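Asker: just to be clear, the model below is a prediction. Sequence and coordinates:
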Amino acid sequence: MSEIVNHQQDKENIIEILKINEKISHIKDVDSLLDRVLLEARAITNADAGSIYLVKKGKLTFEYVQNDTLMKKDKRSKKYLYAKQELEIDNASISGYVALNRKSLIIDDVYHLPDNVPFTFNRSFDDLSSYHTQSMLTVPVITTEDKITGVLQIINARNAEGTVTSFSKDDEILVSLFANQAAMVIERARMTHELILRMIKMAALRDPKETDLHAKRVGTYSIEIYQRWATRRNIPDKEIKRIKDDLKIAAMLHDIGKVAITDAILKKNARLNDLEYDFMKLHTVYGYRFFMNSTFKEDDMAAEITLNHHEKWDGSGYPGYIPGIDRIDLDINEIRLGPGKKGEEIPLSARIVALADVYDALMSKRTYKDSWNEDKTLSYIESEKGKQFDPEVVEAFTDIYDVIQAIREKYSSE
């Protein structure tokens with residue numbers, strides 16, 4: 001009788017995993033996907049924390065982390081999410097060992113490893129965060145083509161009373177099955193991400209200021225600012241996740257319209273004169289028209305961001321209201337910039353990207369200016385609250401500034 005019960009439970013677990021993979025298959029942004037994959041893997045094992053590494057350029061790159069204990073201490077702080085870490089795929093670390101040998105590993109207590117294992121536990125995260133890692137389940141993420149795409153690490157399994165306990169063999173089987181089912185979805189999302197970066201690199205060939213790292217920072221700043229803004233407003237988690245999935249990619253493409261601007265303006269090593277600046281403003285319209293009338297709903301946010309990310313809260317921005325902008329036959333030479341949009345007439349996504357873009361531009365060196373220091377940049381942003389920037393967006397940005405700093409550090413170079 002017990003064998004029948006166990007068989008039925010196994011069947012139900014497998015069906016549930018297949019259902020989860022169907023749900024995650026629709027997520028487009030890599031970070032949103034990794035967030036969901038880690039969340040579901042932890043739910044399968046009732047684990048307190050976890051992290052994901054992806055294989056990049058022959059190494060394991062730390063990509064995502066979740067930790068219920070640390071989040072309860074400070075719900076605003078997600079700076080650990082953007083830690084910068086690379087591991088060799090070798091036997092020296094637990095994750096490297098699992099990736100190299102392509103087999104899962106259950107450890108009951110990482111602080112008391114057997115003497116005969118080749119790897120060690122790196123306790124630097126525990127020391128930095130005052131967290132205590134105990135039990136650990138680490139599984140390789142392998143595609144159906146037998147390609148190792150990363151490592152999924154689940155930490156501190158909990159029993160019904162919330163006490164940390166060991167992972168079971170059943171946990172290992174279920175998480176491994178889930179990870180390998182999710183591998184193809186992760187690879188597809190990474191491919192989409194690479195295509196986006198290639199588009200940005202194409203734009204960078206025209207405008208040296210628009211690098212893929214700038215785009216990554218602006219996209220990542222934007223989703224974290226939105227997360228804080230939405231949390232302050234008690235927006236449901238499901239809605240937050242849906243918006244973040246579209247926002248990251250759309251924000252990265254905010255300046256794609258610059259590909260239509262002449263080199264004489266884009267590559268000028270000095271400030272633009274008034275006539276040149278007026279022409280430069282049209283990059284918002286070019287970007288919008290690139291995405292308009294798309295059959296993909298995801299392009300709607302990209303369209304609203306490219307068009308509106310230079311609008312200002314007080315109405316002094318551009319391009320403003322433009323009659324006939326959605327006409328397919330509209331000649332770009334016919335376009336006349338209209339009166340600026342103001343306040344909540346500007347889409348929230350664009351208000352967020354406006355701040356993220358300006359912050360990163362001020363903190364970065366340009367051909368016509370040196371980078372600003374943090375104090376000067378933050379002072380400027382505060383002074384523009386209610387003028388250039390939405391006051392609520394500025395407050396959300398300020399609330400998570402430790403996260404913003406961590407993002408800037410992570411994407412400072414690659």
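Answerer: Cool, got the structure.
Asker: okay, CA-based contacts and neighbour counts for the rest of this
Answerer: Fine.
Asker: domain map for the chain?
Answerer: The chain breaks down into these domains under automatic domain parsing: 2-188, 207-410.
Asker: columns mean neighbour count on top of these, output as JSON lines?
Answerer: Below are the domains of the chain laid out as JSON lines (neighbours: other CA atoms under 10 Å):
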{"stretch": "domain 2-188", "mean neighbour count": "17"}
{"stretch": "domain 207-410", "mean neighbour count": "18"}
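Asker: contacting residues around the residue nearest to residue 389 when sequence neighbours are not counted?
Answerer: Closest residue to residue 389 apart from its sequence neighbours, by CA to CA, 6 or more residues apart in numbering: residue 313 at 5.3 Å. Contacts for residue 313 (CA atoms under 8 Å, 6 or more residues apart in numbering) come out as 341, 342, 343, 344, 346, 351, 386, 387, 388, 389, 390.
Asker: try 7 Å this time
Answerer: 342, 343, 386, 387, 388, 389, 390 (CA atoms under 7 Å, 6 or more residues apart in numbering).
Asker: same check, this time on residue 219
Answerer: 248, 249, 251, 252.
Asker: then residue 190?
Answerer: Contacts of residue 190 by CA under 7 Å, 6+ apart are residue 30.
Asker: for it, grab phi and psi.
Answerer: phi -70, psi -40 (degrees, to the nearest 10).
Asker: pLDDT score assigned to it?
Answerer: The model reports residue 190 with a pLDDT of 86.
Asker: helix or strand right after the helix or strand where residue 55 lies?
Answerer: Here residue 55, judged by DSSP states H and E, is contained in strand 47-56. Moving toward the C-terminus from strand 47-56, the next helix or strand (DSSP H and E) is strand 59-67.
Asker: so which elements touch that following strand?
Answerer: strand 47-56, strand 86-88 (3 or more CA pairs under 7 Å, 6 or more residues apart in numbering; DSSP states H and E).
Asker: which one of those lies nearest to residue 272?
Answerer: The closest of the helices and strands packed on strand 59-67 to residue 272 is strand 47-56. By CA to CA, the value is 39.5 Å.
Asker: may I have the closest one as PDB, with CA atoms only?
Answerer: Taking C-alpha atoms only, strand 47-56 is exported to PDB below (Å, rounded to 0.1, in the frame of the first residue of the first chain):
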ATOM      1  CA  ALA A  47      14.300  26.000   1.400                       C
ATOM      2  CA  ASP A  48      15.200  29.300   3.100                       C
ATOM      3  CA  ALA A  49      17.600  30.600   0.400                       C
ATOM      4  CA  GLY A  50      19.300  29.800  -2.900                       C
ATOM      5  CA  SER A  51      21.400  31.100  -5.700                       C
ATOM      6  CA  ILE A  52      22.000  30.500  -9.400                       C
ATOM      7  CA  TYR A  53      25.200  30.500 -11.400                       C
ATOM      8  CA  LEU A  54      25.300  30.600 -15.200                       C
ATOM      9  CA  VAL A  55      28.200  29.400 -17.400                       C
ATOM     10  CA  LYS A  56      29.800  32.400 -19.200                       C
END
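Asker: direction included, what does it pair against?
Answerer: Its sheet considered, strand 47-56 pairs with strand 59-67 (antiparallel), strand 148-158 (antiparallel) by DSSP bridges.
Asker: of the contacts of residue 313, just say which sits nearest to residue 164.
Answerer: Sorting the contacts of residue 313 by distance to residue 164 puts residue 390 at the head of the list, at 43.9 Å, by CA to CA.
Asker: grab the nearest non-local neighbour of the closest one.
Answerer: Using CA to CA, 6+ apart, the closest residue to residue 390 is residue 313 (5.6 Å).
Asker: any idea how far that neighbour is from residue 243?
Answerer: Per CA to CA, to the nearest Å, residue 313 is found 22 Å from residue 243.
Asker: who are the contact partners of residue 273?
Answerer: So residue 273 contacts nothing (CA under 7 Å, 6+ apart).
Asker: so residue 212 makes contact with residue 201?
Answerer: Yes - taking contacts as CA atoms under 7 Å, residue 212 lies within contact range of residue 201: 6.1 Å.
Asker: quick one: list the elements packing against the strand or helix carrying residue 406.
Answerer: Assessed by DSSP H and E, residue 406 sits inside helix 401-410. On a contact count with 3+ CA pairs under 7 Å, 6+ apart, helix 401-410 meets helix 212-232.
Asker: what mean pLDDT does the helix it packs on get?
Answerer: 93.
Asker: please apply the same query to stretch 364-379.
Answerer: For stretch 364-379, the mean per-residue pLDDT is 85.
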